[in-house]
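Enquirer: structure here, sequence nowhere to be found:
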């Protein structure tokens, strides 16, 4: 589970991220982000798994759990950039994804996006 300070919860926060121009498409998900005002603020994450992916709550919750755990471990290893709000929209292929696959995908995304700040 992500810490409270690392979660996006309010609709207003999600809308701000959606209005930003920063977006990256991956096979399992779309990642959108926006910089926060303060330089030393921790990054926050919002995860969305819609009914288009699956009507089954079990499958949607599993996808969210896998994403949260991968993000939590990456944050613990300091592989995520600070001071950003992220919204991760899952796509249908996430239902067949494994934890290791999602972890590697997110790790590669954050490694390629070293200049993600601006």
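Expert: Looks like it arrived, so ask away. Since we're looking at a predicted model, the values are computed, not measured. Residues are numbered from 1 along each chain as shown.
Enquirer: can you check which helix is longest in this structure?
Expert: Using DSSP state H to define each element, the chain has its longest helix at helix 57-76.
Enquirer: which elements pack onto that helix?
Expert: strand 44-48, strand 84-90, helix 99-112 (3 or more C-beta pairs under 8 Å, 6 or more residues apart in numbering; DSSP states H and E). The way it works is simple: take the backbone N, C-alpha and C, and place the C-beta from them, glycine included.
Enquirer: give me the buried positions along that helix.
Expert: 60, 62, 63, 64, 66, 67, 68, 70, 71, 72, 74, 75 (16 or more other C-beta atoms under 10 Å).
Enquirer: got the angle between that helix and strand 44-48?
Expert: Helix 57-76 runs at 160 degrees relative to strand 44-48, counting by axes from the mean of the first three to the mean of the last three C-alpha atoms, to 10 degrees.
Enquirer: if we can go back for a sec, ranking the helices and strands packed on helix 57-76 by burial, who's on top?
Expert: strand 84-90 (a mean of 22; mean count of other C-beta atoms under 10 Å).
Enquirer: pLDDT weak spots in the chain?
Expert: The model of the chain has pLDDT under 70 over residues 38-39, 114-118.
Enquirer: just checking, residue 54 is part of a strand?
Expert: No. Read with DSSP: H, G, I helix; E, B strand; the rest coil, residue 54 is coil and lies in no strand.
Enquirer: how many other residues sit next to residue 93?
Expert: Residue 93 has 13 neighbours, counted by other C-beta atoms under 10 Å.
Enquirer: these two touch, right, it and residue 28?
Expert: Yes. The pair residue 93 and residue 28 passes the contact test of C-beta atoms under 8 Å, sitting 5.0 Å apart.
Enquirer: among the buried residues of helix 57-76, which one sits closest to residue 86?
Expert: residue 71 (8.3 Å; C-beta to C-beta).
Enquirer: nearest to residue 103, of the buried residues of helix 57-76?
Expert: Set against residue 103, the nearest of those by C-beta to C-beta is residue 70 (4.4 Å).
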